[in-house]
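Peer 1: For reference, the sequence and a predicted model appear below.
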Amino acid sequence: MATRTPSSQRTGTRGLIPEEAGRQRAVIDAVLPVVDAGRFAVKAIAGEPVHVQANCFTDGHDVLRVMLCWRAEADATSQEVEMKLDSNDEWLASFTPEAPGRYFYSAVAWVDHFESWRHELTRRVDEEDIRIAALVGAELIEDAAKRAKSTDKAELKSWAKQLRKPHSDTQTLKALALDENQAAVARRHPDRQQAVHFPIELPLVADRERARYSSWYELFPRSASSQPGQHGTFKDVEARLPYVAEMGFDVLYFPPIHPIGREKRKGRNNALSTEPGDVGSPWAIGSLEGGHKDLLPELGTWEDFRSLVSKAHELGQEIAMDIAFQCAPDHPYVKTHPEWFRWRPDGTVQYAENPPKKYQDIYPFNFETEDWRALWLELKSVFDHWISEGVTIFRVDNPHTKAFPFWEWAITTIKRDHPEVLFLAEAFTRPKVMHRLAKLGYSQSYTYFTWRNTKQELTEYFTELSQGPGKDYFRPNVWPNTPDILSEHLHAGGRAVFALRLVLAATLSASYGIYGPAYELLDSAPRGPGSEEYLNSEKYQLRHWGDWDVARPDSLAPLIAKVNGIRRDNPALQSNHSLRFFHTDNDQLIAYSKQTAQQTADGQNTILVIVNLDPHNPQSGWVTLDADTLKLEPTSQYEVHDLLSDQRFTWQGWRNFVILDPKQTPAHVFRLRKRVQDERHFDNFA
């Protein structure tokens with residue numbers, strides 16, 4: 001049976017194409033970078049250019065003109081930057097968000113009849129064609145004059161008038177028509193009536209530099225005392241600040257510093273029963289002394305805390321707070337807001353679990369509560385409270401176990417008022433979940449580095465992090481250890497494995513951290529064979545790190561200071577975009593480089609890292625560098641300066657031999673410099 005075509009479709013356009021689009025010929029196929037078609041924001045750093053690509057074209061051979069449009073969230077109008085055609089209909093431009101905050105960018109394109117006319121005129125040779133083309137151009141220039149004001153208007157009218165005059169010499173006429181100075185005036189007044197706007201403004205969040213590049217040091221304030229068995233205080237931590245600063249860390253991160261619950265408190269090594277003097281887990285938050293906005297009394301007063309924050313700032317450090325949205329059974333919230341928890345038929349609350357781990361001392365919030373609005377507002381107020389106390393970096397515990405819409409709302413709202421605030425997501429969970437948290441606004445994210453040990457694992461994973469689709473929003477922060485994770489790789493490798501994992505973390509990622517003093521003092525005793533839990537874990541008891549006062553001969557503190565100094569002095573190690581891996585003929589050797597994107601006053605900074613992944617034996621082999629990446633000639637000579645040992649070698653060409661003995665050093669961290677013409681000196685890579 002035949003069906004009738006609706007009349008609106010029989011007409012061909014009515015109801016299908018908006019009236020204003022009928023003569024629009026420009027096409028904007030895509031604007032990049034983009035995250036999920038603009039659903040989430042791309043991340044950038046304030047003061048650094050954001051490079052944008054627009055894929056634009058039109059039918060036929062007319063010339064397009066394309067503009068990058070961008071604005072800060074508070075601005076009503078956009079600024080425009082001319083985009084330049086690169087290749088394959090890809091137009092490029094950049095803009096620089098000057099301050100941290102939220103921005104939007106898009107593109108607009110139109111067929112530029114003026115530039116199309118000039119382009120065609122360059123190919124005209126017939127005298128009559130040139131005369132007619134000059135008249136066509138005069139009309140276009142007169143139209144531009146109508147859009148211009150004052151001096152430009154008069155100049156364009158004069159130019160058009162000259163093109164209309166009879167010229168016996170058509171070459172003179174053609175040169176007049178193609179005059180570049182006159183064309184520059186006309187370009188200022190284009191005909192944009194048929195301009196096509198990309199349908200959405202793409203969001204971008206610009207953070208301060210520490211979101212891209214940071215070195216974290218985690219310590220438990222309660223273990224900072226110089227006296228064995230004595231509870232540490234903020235004043236004790238303040239005395240440790242120079243030690244942390246000397247190692248080159250710029251973020252000092254504390255586990256929760258709130259009152260610790262007494263009900264169902266865990267004993268040493270996660271025991272279900274306690275002994276007198278057991279201090280419990282800092283993550284079991286809340287007691288009669290208060291909750292998430294209060295201090296554990298044993299740590300000191302508010303004046304002590306504020307003094308610590310101030311002293312840290314004087315040494316170039318920031319205090320990062322742990323935010324764990326969960327409660328001990330005796331947290332005040334449990335009594336004042338029982339509706340925020342999930343109660344079982346027997347009148348108890350379901351405690352937190354992550355099988356096989358059980359956390360009997362922790363109650364999770366119920367994000368499906370009917371009172372969710374009040375819960376959200378209260379949790380956000382926890383951040384607001386600590387921001388008012390001078391804290392602007394937060395490491396959030398297990399964010400993947402809280403409602404995703406809450407994080408999107410909370411982080412967006414907080415950063416609108418405090419764009420300097422940074423959030424680190426501690427989410428060792430499934431990849432898509434980790435990426436979703438990053439999209440929702442987390443400034444940095446934990447990674448799987450702890451479990452990536454082989455050359456293949458490291459190469460594949462860090463290539464994904466630096467070059468994969470998440471590179472525009474997922475900023476990795478890698479940790480070789482945490483209070484929760486003593487990887488099996490560290491159990492029996494001795495000092496060498498701690499050293500090589502440190503170099504890997506600090507050079508593969510622009511942001512990294514260690515849990516100390518356990519790391520520099522080589523704490524490697526597991527709770528049991530194959531366990532990732534520390535024996536005598538600091539999560540459940542005080543630890544006395546006496547070797548802080550007089551450094552042990554085998555302490556990694558000097559190496560850590562050296563590595564962090566190298567990171568500070570070499571911009572190539574302060575971002576991830578340029579990470580590239582190279583072939584080695586020995587799978588126990590891994591080689592990779594990083595380099596700055598642009599020339600600086602000191603030349604291009606190029607770092608080559610080679611690590612022996614075997615902590616027990618010397619390993620040797622040939623490293624084959626990529627000529628395109630490093631711009632090497634087959635016979636060129638260049639200096640490799642090992643910034644760890646201060647040794648210098650002259651290499652030639654792409655293939656060179658290395659040997660690394662872990663008893664001496666597990667790695668080379670080379671700075672590359674090219675040989676200059678007189679062959680006696682070297683200069684930075686160009």
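Peer 2: Ah, there it is. Numbers count the residues shown, from 1 in each chain.
Peer 1: Which parts of the stretch 301-450 of the chain are strands?
Peer 2: 318-323, 326-327, 352-354, 357-359, 363-364, 393-397, 422-426, 444-445 (DSSP state E, counting those that start in this stretch).
Peer 1: can I get those in TSV with distance to residue 190 and mean pLDDT?
Peer 2: To be clear about C-beta, it is placed using only N, CA and C from the backbone, and glycine gets the same treatment. Formatted as TSV, the strands of the stretch 301-450 of the chain follow (distance: least, C-beta to C-beta, whole Å; pLDDT from 0 to 100):
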stretch	distance to residue 190	mean pLDDT
strand 318-323	48	98
strand 326-327	59	98
strand 352-354	60	83
strand 357-359	64	84
strand 363-364	59	97
strand 393-397	46	98
strand 422-426	42	98
strand 444-445	43	98
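Peer 1: Of all those, which one is nearest residue 580?
Peer 2: strand 444-445 (22.0 Å; C-beta to C-beta).
Peer 1: Tell me which other helices or strands the closest one touches.
Peer 2: Judged by 3 or more C-beta pairs under 8 Å, 6 or more residues apart in numbering; DSSP states H and E, strand 444-445 is in contact with strand 422-426, helix 431-440.
Peer 1: Could you check how far stretch 651-663 is from the centre of its chain?
Peer 2: Distance of stretch 651-663 from the chain centroid (C-alpha atoms, centre = their mean, to the nearest Å) equals 32 Å.
Peer 1: So what would you say the end-to-end distance of that stretch is?
Peer 2: 24 Å (C-alpha to C-alpha, to the nearest Å).
Peer 1: So which bits of it are buried?
Peer 2: 651, 654, 656, 658, 660, 662 (16 or more other C-beta atoms under 10 Å).
Peer 1: likewise stretch 378-391?
Peer 2: So stretch 378-391, judged by 16+ other C-beta under 10 Å, has buried residues 378-380, 382-383, 386-387, 391.
Peer 1: what phi and what psi does the backbone show at the residue lying closest to residue 179 once chain neighbours are set aside?
Peer 2: If the residues on either side of it in the chain are set aside, residue 179 comes closest to residue 159, at 7.6 Å by C-beta to C-beta, 6 or more residues apart in numbering. Torsion angles at residue 159 (phi, psi; degrees, to the nearest 10) stand at phi -60, psi -40.
Peer 1: what's the burial count for residue 32?
Peer 2: 13 (other C-beta atoms under 10 Å).
Peer 1: Identify the residue nearest it in space, chain neighbours excluded?
Peer 2: Using C-beta to C-beta, 6+ apart, the closest residue to residue 32 is residue 53 (4.6 Å).
Peer 1: residues contacting the residue nearest the centre of the chain?
Peer 2: Nearest residue to the geometric centre of the chain (C-alpha atoms, centre = their mean): residue 475, 3.3 Å. Residues near residue 475 by C-beta atoms under 8 Å, 6 or more residues apart in numbering: 43, 211-212, 438, 443-445, 510-511, 576.
Peer 1: What about residue 85, how many residues nearby?
Peer 2: 15.
Peer 1: Pretty sure it sits against residue 93.
Peer 2: No: using C-beta atoms under 8 Å, residue 85 makes no contact with residue 93, being 10.6 Å away.
Peer 1: Now do the longest strand seen in the chain, average pLDDT.
Peer 2: In the chain, assigned by DSSP state E, the strand with the most residues is strand 101-111. Per-region confidence: strand 101-111 scores 98 on mean pLDDT.
Peer 1: So which elements touch that strand?
Peer 2: strand 27-32, strand 50-57, strand 64-72, strand 90-95, strand 196-197, strand 202-207, helix 404-417.
Peer 1: I'd like to know which of these is closest to residue 334.
Peer 2: Of all the helices and strands packed on strand 101-111, helix 404-417 comes closest under C-beta to C-beta, at 19.5 Å.
Peer 1: low-confidence ranges in this structure?
Peer 2: For the chain, the stretches with pLDDT under 70 are 1-20, 549, 598-602, 675-686.
Peer 1: residue ranges of the helices in the stretch 251-400 of the chain, please?
Peer 2: 302-314, 332-336, 372-388 (DSSP state H, counting those that start in this stretch).
Peer 1: Please give the element, helix or strand, for the residue lying farthest from the centre of the chain.
Peer 2: What lies farthest from the middle of the chain is residue 168; by C-alpha atoms, centre = their mean that is 63.8 Å. Under the criterion of DSSP states H and E, residue 168 resides outside all helices and strands.
Peer 1: hmm, back to that, identify the residues contacting the residue nearest to residue 179.
Peer 2: 141, 179, 182, 185-186.
Peer 1: What residues are bridge-paired with the residue nearest to residue 89 when sequence neighbours are not counted?
Peer 2: If the residues on either side of it in the chain are set aside, residue 89 comes closest to residue 57, at 4.4 Å by C-beta to C-beta, 6+ apart. On the basis of DSSP bridges, residue 57 is bridged to residue 27.
Peer 1: rewinding a little: now, the most widely separated pair of the contacts of residue 475?
Peer 2: 438 and 510 (15.1 Å).
Peer 1: out of these two, which sits in the busier spot?
Peer 2: residue 510 (26 against 23).
Peer 1: I'd like the distance between the more buried one and residue 173.
Peer 2: 58 Å (C-beta to C-beta, to the nearest Å).
Peer 1: And residue 151, by the same measure?
Peer 2: 24 Å.
Peer 1: higher neighbour count, those two?
Peer 2: residue 173 (21 against 9).
Peer 1: Return the residues in contact with that one.
Peer 2: Applying C-beta under 8 Å, 6+ apart, the residues near residue 173 are 130-131, 134, 163, 167.
Peer 1: can you put those residues in a markdown table and add neighbour count?
Peer 2: Putting the contacts of residue 173 into a markdown table (neighbours: other C-beta atoms under 10 Å) gives the following:
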| residue | neighbour count |
| --- | --- |
| 130 | 17 |
| 131 | 16 |
| 134 | 23 |
| 163 | 23 |
| 167 | 17 |
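Peer 1: What is the most widely separated pair among those?
Peer 2: 130 and 163 (10.6 Å).
Peer 1: which one's the longest helix in this structure?
Peer 2: If you go by DSSP state H, the chain has its longest helix at helix 127-147.
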